[in-house]
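Asks: Please find the sequence and the predicted model below.
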Amino acid sequence: MTGGTGEHGFNVRLRDSQTKRDFDKQQTANPDANAIADHYIAEHKRREQEQAQREADEQRRTKERISEIKADERRRLRERLLAMAYDSAGATPKEQELVAQMIQSKCPESLGQPEIHLLYLGKLRALIGNV
């Protein structure tokens, strides 16, 4: 009594090898199925790459926006500090303009730094007082 179902009965090794041979025959007999599967796999990978690129671009834009916002906040803070320094020194708008011109001509990298502006305001007032 052999029992089991199918051509090879319960012999698992023979059944597995026959299943593999059947699968290989089917794959070689129908190459269009492989081409279609390869096309869909390639399409899926392309979509994943595009999605990853979009996400990377969005992260880069977000970082740029954050950097711009922080730079703008620093600029506004520096302007407020400069305005407070000029107010505390009682500088006139004309003095502020002259100080800005002096700093721009001698050390432009220091433009906007309240302590440098106050230093040049003192120099300007000393020059005006001595003339």
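Replies: Thanks, I have it.
Asks: Quick check: which ranges of the chain have low pLDDT?
Replies: Counting by pLDDT under 70, the low-confidence segments of the chain come to 1-10, 12, 27-31, 33, 130-131.
Asks: All the strands of it, residue numbers only.
Replies: With DSSP state E as the criterion, the chain has no strands.
Asks: Kindly list the longest helix within this structure.
Replies: Counting residues, the longest helix in the chain under DSSP state H turns out to be helix 31-89.
Asks: starting at the chain centroid, how far to it?
Replies: Chain-centre distance of helix 31-89: 4 Å, with CA atoms, centre = their mean, to the nearest Å.
Asks: and it, what does it pack onto?
Replies: Secondary-structure packing of helix 31-89 (3 or more CB pairs under 8 Å, 6 or more residues apart in numbering; DSSP states H and E): helix 114-130. C-betas here are computed from N, CA, C, even on glycine.
Asks: Just want the angle from the helix it packs on to helix 31-89.
Replies: 30 degrees (axes from the mean of the first three to the mean of the last three CA atoms, to 10 degrees).
Asks: Run through who's touching helix 114-130.
Replies: 78, 81-82, 84-86, 89, 91, 95-96, 98-100, 102-103, 107, 110 (CB atoms under 8 Å, 6 or more residues apart in numbering).
Asks: Report the buried residues of that helix.
Replies: Buried positions in helix 114-130, judged by neighbour count with 16 or more other CB atoms under 10 Å: 114, 116-118, 120-121, 124.
Asks: can you redo these as a markdown table with distance to residue 65?
Replies: A markdown table is the format used below for the buried residues of helix 114-130 (distance: CB to CB, whole Å):
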| residue | distance to residue 65 |
| --- | --- |
| 114 | 28 |
| 116 | 30 |
| 117 | 30 |
| 118 | 34 |
| 120 | 35 |
| 121 | 36 |
| 124 | 40 |
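Asks: Of those, which is the nearest to residue 13?
Replies: residue 114 (86.9 Å; CB to CB).
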